[in-house]
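*Asks:* how would this look folded up:
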Amino acid sequence: MAQLIEVKVPDIGDFKDVDVIELLVKPGDRVTKEASLITLESDKATMEIPSSDAGVVRDLRVKVGDKVSAGSVILMLETDAAAPQATPRPPHVPEERKPAPAAAQPQAGAADLRAEVVVLGSGPGGYTAAFRAADLGKSVILVERYPNLGGVCTNVGCIPSKALLHVARVVTEAEETREAGVAFGDPSIDVAKLRAWKEDVVGKGTKGIAGLARQRKVTVVEGVGKFESPAVLAVKAKNGKTTRIGFDYCIIAAGSSVARIPGFPYEDPRLMNSTGALELPDVPKRLLVIGGGIIGLEMACVYDALGSKVTVVELMDGLIPGADRDLIRPLERRIQKRYEAILLKTKVAKLEPQAAGLQATFEGDGVPTPQTYDRVLLAVGRRPNGREVGAEAAGVKVNERGFIPVDRQCRTNVSHIFAIGDIVGEPMLAHKATHEAKVAAEVIAGHKAAFDARTIPSVAYTDPEVAWMGLTELDASRLGIAYQKASFPWAASGRARSIGRTEGSTKLLFDPASKRILGAGMVGPNAGELIAEMVLALEMGSDMEDIALTIHPHPTLSETPGFAAEVALGSITDLYLPPKK
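*Replies:* Alright, predicted model coming up:
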């Protein structure tokens with residue numbers, strides 16, 4: 001005989017009047033014992049409340065926005081059979097478990113929460129580490145200083161920038177179809193609507209990450225985390241309250257911050273960093289970009305397409321200094337035609353607020369007189385957050401540049417504390433962080449794992465895109481490594497001609513004796529998508545014959561590495577190369 005019972009909030013410790021932020025069931029749903037019913041969020045943690053019994057939900061007694069405490073009735077449940085009501089179990093919060101034998105067992109002090117693994121930072125590295133550790137059976141707490149998960153990459157970096165770069169590419173492609181006889185009118189830019197669309201792209205990503213955390217029973221604690229000891233992390237919320245979290249293992253994934261040039265008027269909102277530029281406050285008539293690296297040039301592409309007159313200033317003698325010059329030349333030629341100016345070997349010596357804008361004074365050979373800009377974007381790199389996490393309290397070593405040194409298992413000098421991502425060293429790339437994250441989580445779980453990538457690809461999502469991996473010619477020259485090069489110009493690619501983008505090229509660097517691939521680079525539309533095949537080729541130890549004999553679909557840009565390999569072997573028929581004497 002069925003019985004109608006009340007399902008109540010169990011003992012949740014010191015938490016009282018906790019907000020209901022999500023209903024996970026509705027009337028008519030059948031639930032199993034311990035299935036999650038609602039999600040609560042306090043200033044210290046997010047937790048899911050489980051069902052004390054199996055049955056059918058008949059009536060919900062709470063709604064989103066209500067405040068509940070221990071004993072509050074959540075819903076009325078029709079149980080499958082008459083039976084004494086079970087004692088509700090505590091909500092899912094990380095519990096102390098026996099650590100994997102490979103790691104030390106630190107002695108924690110007083111703590112409000114406890115987990116086997118605490119991850120500091122929820123960027124691509126952080127949430128990957130947390131989710132992998134949870135999948136391997138560990139209780140996990142994920143600490144994030146901001147309200148949304150995903151870190152810089154998801155919220156104010158990789159994802160919003162690519163959304164805006166997509167729009168920029170559509171605008172410029174529409175302009176360039178005039179040459180094919182199709183003309184559109186000048187675009188009408190609704191900045192508010194574009195900003196909202198970009199935020200929607202970001203929001204879907206952050207909500208997805210939050211959902212993955214809930215599915216894995218990862219507890220999220222919002223606030224700024226710093227080590228209090230080798231076994232306790234203190235997390236300070238915006239309201240000033242501090243939650244102490246005890247752990248067996250910690251993975252530091254606290255990332256990096258925007259670098260600054262001393263003496264600039266940072267109190268002036270017209271001086272933006274990359275985060276400010278992605279907020280898209282307006283489309284300035286004149287924009288100065290300080291820094292000709294990847295971030296600066298990507299944002300320059302966006303604002304140029306939206307209608308700004310862009311000037312780029314770079315201290316070095318070339319744009320994107322880490323890439324080979326032959327890859328950068330097509331990009332530089334294209335943007336020289338579009339931008340107001342590109343000033344190389346130039347320094348912004350002074351930046352002064354004026355009523356009409358920010359006045360920049362330049363130093364270098366042949367520089368212009370002081371110029372006034374409506375906005376200035378400072379994009380001179382990022383610095384690691386190693387000194388921001390209280391590492392000294394845990395005994396974790398931080399080097400003079402702010403990086404935390406780790407071994408191939410991503411372990412710091414403190415055996416039960418790991419670090420991944422930007423905070424451990426160059427290159428500061430999300431795809432490096434995610435692979436390091438899985439290594440750290442697997443080592444903690446007792447697996448034999450190590451970070452041994454043969455290469456980490458780099459991509460500039462400019463127009464045209466620039467991508468490279470493995471050995472560069474700059475590195476080969478500096479290190480004295482012998483190599484041979486084979487290049488295929490995209491002007492000989494049918495696909496490149498069909499889209500009107502023949503400025504690109506693909507090159508392969510290979511060992512003169514074995515013909516094994518050492519490195520690759522390409523410039524042109526979608527170069528960032530094409531480079532992955534070459535990364536796999538390097539990881540697999542492929543030689544030029546392997547690549548050339550791999551049948552690529554035609555006509556595609558993906559053929560170009562195969563054609564470059566044919567150039568290396570002398571078997572190319574899509575070009576005429578005079579016989580070698």
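*Asks:* which residues touch the residue nearest to residue 283 when sequence neighbours are not counted?
*Replies:* Nearest residue to residue 283, sequence neighbours excluded (CB to CB, 6 or more residues apart in numbering): residue 306, at 4.7 Å. All C-beta atoms are positioned from the backbone trio N, CA, C, and that covers glycine. With contacts defined as CB atoms under 8 Å, 6 or more residues apart in numbering, residue 306 is in contact with 168, 171, 189, 283.
*Asks:* residue 478: which of those is nearest?
*Replies:* residue 168 (34.3 Å; CB to CB).
*Asks:* just say helix, strand or coil for the closest one.
*Replies:* Classification of residue 168 into helix, strand or coil gives helix, according to DSSP: H, G, I helix; E, B strand; the rest coil.
*Asks:* name the nearest residue to it, sequence neighbours excluded.
*Replies:* Closest residue to residue 168 apart from its sequence neighbours, by CB to CB, 6+ apart: residue 305 at 3.5 Å.
*Asks:* what's the burial count for the one you found?
*Replies:* Burial of residue 305, expressed as a neighbour count using other CB atoms under 10 Å, amounts to 25.
*Asks:* repeat that for residue 269.
*Replies:* The burial metric for residue 269, expressed as a neighbour count using other CB under 10 Å, is 10.
*Asks:* re earlier: quickly note the distance from the residue nearest to residue 168 to residue 172.
*Replies:* Applying CB to CB, to the nearest Å, the value for residue 305 to residue 172 is 5 Å.
*Asks:* would you map the strands across the stretch 51-200 of the chain?
*Replies:* In the stretch 51-200 of the chain, strands defined by DSSP state E, counting those that start in this stretch lie at 55-60, 67-68, 73-79, 113-120, 140-144, listed in chain order.
*Asks:* nearest residue to residue 153 in space, please, no chain neighbours.
*Replies:* With CB to CB, 6+ apart, the residue lying closest to residue 153 is residue 430, at 4.7 Å.
*Asks:* go on, residue 198?
*Replies:* Closest residue to residue 198 in three dimensions, ignoring its sequence neighbours and counting by CB to CB, 6+ apart: residue 163, at 4.8 Å.
*Asks:* that neighbour and residue 188, how far apart?
*Replies:* As defined by CB to CB, residue 163 lies at a distance of 19 Å from residue 188.
*Asks:* again with residue 281
*Replies:* The separation that residue 281 has from residue 188, given CB to CB, amounts to 19 Å.
*Asks:* same question, residue 571
*Replies:* Noted for residue 571: a distance of 51 Å to residue 188, by CB to CB.
*Asks:* between these two, tell me which one has more neighbours.
*Replies:* Between residue 571 and residue 188, counting by other CB under 10 Å, residue 571 is the more crowded of the two (14 against 5).
*Asks:* tell me the contacts of that one?
*Replies:* The contact partners of residue 571, taken as CB under 8 Å, 6+ apart, are residue 548.
*Asks:* what's it sitting at in phi/psi?
*Replies:* In terms of degrees, to the nearest 10, the main-chain angles of residue 571 are phi -110, psi 10.
*Asks:* buried set for stretch 472-483?
*Replies:* By neighbour count, and taking 16 or more other CB atoms under 10 Å as the criterion, the buried residues in stretch 472-483 are 472-473, 475-476, 483.
*Asks:* relative to residue 297, which of those residues is nearest.
*Replies:* For the buried residues of stretch 472-483, the closest approach to residue 297 (CB to CB) belongs to residue 472, at 18.0 Å.
*Asks:* where does pLDDT dip in the stretch 251-400 of the chain?
*Replies:* Scanning the stretch 251-400 of the chain for pLDDT under 70 picks out no residues.
*Asks:* what segments of it are helices?
*Replies:* Taking DSSP state H, counting those that start in this stretch, the helices of the stretch 251-400 of the chain run over residues 274-278, 294-306, 325-338, 391-394.
*Asks:* show me where the stretch 101-250 of the chain dips below the pLDDT cut-off.
*Replies:* Of all residues in the stretch 101-250 of the chain, those with pLDDT under 70 make up the ranges 101-109.
*Asks:* can you give me the helices in it?
*Replies:* Along the stretch 101-250 of the chain, the segments classed as helices by DSSP H, counting those that start in this stretch run 124-135, 151-156, 158-176, 191-215.
*Asks:* and these: which comes nearest residue 457?
*Replies:* helix 158-176 (14.0 Å).
*Asks:* which strands and helices lie in contact with that closest one?
*Replies:* Contacts defined by 3 or more CB pairs under 8 Å, 6 or more residues apart in numbering; DSSP states H and E place helix 158-176 against helix 191-215, helix 274-278, helix 294-306.
*Asks:* how far does that helix sit from the chain's center?
*Replies:* Here helix 158-176 shows a centroid-to-chain-centroid distance of 19 Å under the convention CA atoms, centre = their mean, to the nearest Å.
*Asks:* in that helix, what counts as buried?
*Replies:* For helix 158-176, a neighbour-count test (16+ other CB under 10 Å) marks 158-161, 163-165, 167-169, 171-174 as buried.
*Asks:* give the contact list for the residue nearest the centre of the chain.
*Replies:* By CA atoms, centre = their mean, the mean C-alpha position of the chain lies nearest to residue 153, the distance being 3.2 Å. By CB under 8 Å, 6+ apart, residue 153 lies in contact with 123-124, 159, 430.
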